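Asks: This is the structure alone, sequence omitted:
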């Protein structure tokens, strides 16, 4: 098999009903659709068996989250390319072929994402990936087409194939051998930021991450956790700090973490002043959970080498967005990208 399209499902029958027909009919002859079920408690699996008997189903023994769920499933699949596809994504037209063609132009390309548009507002980019992901010096992620909560309209302004820092886990194409080489996703993340951590580890090996906007998919978003959720705040804050500790070169650790400590508490009190008591508590919990994880995370640091990597924005996206009102990717200083 050349391409394995793998959907991780957890109580997502409504998405399977809506989106599987289009995915199933869009597959080229050398691709296969596989559903990995994360111990769902609805009747997702029974629905699949009755309506898609030709689709392979992998049953995970527990809901280990996005990271462990995919690691468990992909360890049982043989293919040249893996496609990690969210269950709440609609595909249209040929969305696989352009990406595979881009892979085959350069063996240094390890992972690629398509353009991610909003299912509910298809004229806009979608939060989880837009047209390719980046991070700033302090580890804050943003995208071509999305900075924090500001989503741009898609006016074909980001339609070029280009190298990025991270590719979204909502629709992630990746060479299977490289996925296995870096050890896959980090199970300890459970969910959120795990694909950015994966891409950073891949870049530390000298490979490239790309976006291929010729391929477009449409993402509902918030399929597992609501878009505004204290649990999401907790996971994003905790996992972002773990990711930095794992991947930052040694000389940056003290200055970056000193700055992040201040910025994280500024975010916490902003939540509090806006009435977000649960999010304020989530930041505190995230800080304690991160501190508890430090010994284990340091062990992970020693497992591979780090290097200066490309597509990092040498600035503070928080200050530029909230103080300088640079709300779109095009307004950022192009000279600050490494």
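Replies: Thanks, I have it. Given the structure is predicted, the values throughout are model-derived calculations rather than measurements.
Asks: is it true that residue 305 touches residue 204?
Replies: Yes. Contact criterion CB atoms under 8 Å: residue 305 and residue 204 qualify, at 6.6 Å. Backbone N, C-alpha and C define where each C-beta goes, glycine included.
Asks: of those two, who's got more company?
Replies: Using other CB atoms under 10 Å as the criterion, residue 305 and residue 204 rank with residue 204 on top: 18 against 9.
Asks: contacting residues around residue 55?
Replies: Taking CB atoms under 8 Å, 6 or more residues apart in numbering, we find residue 55 in contact with 20, 24, 33-35, 48.
Asks: and which of these is nearest to residue 6?
Replies: Set against residue 6, the nearest of the contacts of residue 55 by CB to CB is residue 34 (4.9 Å).
Asks: That closest one - how many residues pack around it?
Replies: Neighbours around residue 34, by other CB under 10 Å: 22.
Asks: From residue 283, how far out is residue 273?
Replies: As for residue 273, its distance to residue 283 is 13 Å (criterion: CB to CB, to the nearest Å).
Asks: For these two, indicate the residue with more neighbours.
Replies: Taking neighbours as other CB under 10 Å, residue 273 and residue 283 compare with residue 283 leading, 23 against 9.
Asks: what about the closest residue to the more buried one other than its chain neighbours, is that helix, strand or coil?
Replies: Distances taken as CB to CB, 6 or more residues apart in numbering place residue 268 nearest to residue 283, at 3.9 Å, with adjacent residues excluded. Following DSSP: H, G, I helix; E, B strand; the rest coil, we place residue 268 in the helix state.
Asks: likewise residue 239?
Replies: At residue 239 the chain is in helix, as set by three-state DSSP.
Asks: Would you agree residue 143 is in contact with residue 329?
Replies: Yes. Residue 143 is within contact range of residue 329, at 7.2 Å (criterion: CB under 8 Å).
Asks: Look at those two and report which has more neighbours.
Replies: Neighbours of residue 143 and residue 329, each counted by other CB under 10 Å, are more numerous for residue 143; the result is 27 against 23.
Asks: The more buried one bridge partners, please.
Replies: Counting by DSSP bridges, residue 143 forms beta bridges with residue 133, residue 146.
Asks: Contact partners for it?
Replies: Applying CB under 8 Å, 6+ apart to residue 143 gives the contacts 125, 129-134, 329.
Asks: where does residue 174 land in three-state SS?
Replies: Residue 174 - assigned by three-state DSSP - is strand.
Asks: Identify the residue nearest it in space, chain neighbours excluded?
Replies: That would be residue 111: by CB to CB, 6+ apart, it lies 4.3 Å from residue 174.
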